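J.: after the sequence you'll find the predicted model.
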Amino acid sequence: MTDHIAIQTVGLSKDYGDVHALVELDLEIHTGEIFGFLGPNGAGKTTMIRTILDEIRPTAGSASILGMDSHEKSVEIRNFIGYVPGDLAMYPNLTGRDTITYFANLRGGVDWAYVDELADRLDADMAKKVGDLSSGNRQKIGLIQAFMNRPEVLIMDEPSSGLDPLVQREFQSMLREVTANGSTVFLSSHTLSEVQRVADRVGIIRHGKLIALESVASLRSKGIRKVELFFDESVDGAVFDPLPGVSDVTVQNHHVTFSFSGQMERLIKVVTDTYTLVDISTQEADLEEIFLTYYRDEDVTA
């Protein structure tokens, strides 16, 4: 394990009888990055998190956090991480502040000025009993307890569940700030819009197998986008035929529209070698469509 790897799994597998919840997961998450872990419910995301946190034991393989074996050093690791579980449960009769106090005492104390700052940023009601809060407001309390000890690694399972858009935006700003300060974020989600706004890299899991591991920019480049080009003269549509990734070309005098999957730089170079380009309009690749291509019924290899 090298110093720049915050989380590592090697051949991590978990079986429940005949069900293979995790299959030989090999993953390295770097210090200071926001890593998005994507997949629908039942894909293996929560199983992976519970396994690396030693809440459940793997059938095979190993995991480590900050260079520490997640089983042998499971208690020590707790000093360095913040965690938001997907099934967040808290004592309903405690207020938000009582809940944070409880977790703070378990940690040996926290900086209460920082706790108040987090509560203010998330617009959290710390005075009301947790049982009387909406699911979104309970989630805010969970986020505060995860951030409050300024952890080196944040592990978050569907963390923005129930949050309104303004709070989601503030939460995303908080993620960027902690990674700018050297912390690492593991963000498990099935919400692509959340991940694409903050993540540096994305892993996609399907039936317990890691089927893609790429930067968000790389994923975007694979998406089909609609492109509109405007020229200062009439255009022969045949010029687009040899270009890889171009389909459904429609030419109307100076105006050309088509679907395109590939690098824009190459497209623009070929086009401008032949014609004078006046304007260009593109509709950004939709990660939802890219994501769904990995979940077609046919076999997909990693």
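T.: Received, thanks. Quantities reported herein were computed from a predicted structural model and do not represent experimental measurements. Numbers count the residues shown, from 1 in each chain.
J.: the most centrally placed residue in the chain bridge partners, please.
T.: Centroid check for the chain by Cα atoms, centre = their mean gives residue 36 as the closest residue, at 2.2 Å. For residue 36, the beta-bridge partners are residue 187, residue 202 (DSSP bridges).
J.: report the contact partners of residue 249.
T.: Going by Cβ atoms under 8 Å, 6 or more residues apart in numbering, residue 249 touches 237, 240, 241, 256, 257, 258. C-beta: built from backbone N, CA, C; applies to glycine.
J.: and with 10 Å instead?
T.: By Cβ atoms under 10 Å, 6 or more residues apart in numbering, residue 249 lies in contact with 227, 235, 237-241, 243, 256-260.
J.: quickly note the distance from it to residue 236.
T.: Here the criterion is Cβ to Cβ, to the nearest Å. By it, residue 249 lies 11 Å from residue 236.
J.: shared neighbours, the two?
T.: Jointly contacting residue 249 and residue 236 under the rule Cβ under 10 Å, 6+ apart are residue 256.
J.: let me see the ranges of the helices in the stretch 201-302 of the chain.
T.: For the stretch 201-302 of the chain, helices defined by DSSP state H, counting those that start in this stretch occupy the ranges 216-221, 264-274, 287-293.
J.: cool, and the stretch 1-150 of the chain?
T.: All helices of the stretch 1-150 of the chain, identified by DSSP H, counting those that start in this stretch, fall at 45-52, 74-77, 96-106, 112-122, 135-147.
J.: residue 277: which of those is closest?
T.: helix 45-52 (43.6 Å; Cβ to Cβ).
J.: so, low pLDDT: which residues of the stretch 201-302 of the chain?
T.: For the stretch 201-302 of the chain, residues meeting the criterion pLDDT under 70 lie at 220-224, 284-302.
J.: in the stretch 201-302 of the chain, which spans are strands?
T.: Under the criterion DSSP state E, counting those that start in this stretch, the stretch 201-302 of the chain contains strands at 201-206, 209-215, 225-231, 246-252, 255-260, 277-283.
J.: most tightly surrounded among the ones you listed?
T.: Most buried of those by mean neighbour count (mean count of other Cβ atoms under 10 Å) is strand 201-206; its value is a mean of 22.
J.: from the chain's centre, how far out does it sit?
T.: 8 Å (Cα atoms, centre = their mean, to the nearest Å).
J.: which other helices and strands contact it?
T.: Under the contact definition 3 or more Cβ pairs under 10 Å, 6 or more residues apart in numbering; DSSP states H and E, strand 201-206 sits against strand 19-30, strand 34-38, helix 45-52, strand 184-189, helix 192-198, strand 209-215, helix 216-221, helix 287-293.
J.: before we move on, back to that, between the helices of the stretch 1-150 of the chain, which gets nearest to residue 15?
T.: helix 45-52 (10.2 Å).
J.: off-centre distance for the closest one?
T.: 15 Å.
J.: alpha carbons of that helix, as PDB, please.
T.: Output of helix 45-52 as PDB, limited to C-alpha atoms (Å, rounded to 0.1, in the frame of the first residue of the first chain):
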ATOM      1  CA  LYS A  45     -22.600  -0.900  -3.300                       C
ATOM      2  CA  THR A  46     -23.700  -1.200   0.300                       C
ATOM      3  CA  THR A  47     -22.200  -4.600   0.700                       C
ATOM      4  CA  MET A  48     -18.900  -3.200  -0.400                       C
ATOM      5  CA  ILE A  49     -19.000  -0.400   2.100                       C
ATOM      6  CA  ARG A  50     -20.100  -2.700   5.000                       C
ATOM      7  CA  THR A  51     -17.300  -5.100   4.100                       C
ATOM      8  CA  ILE A  52     -14.500  -2.500   4.000                       C
END
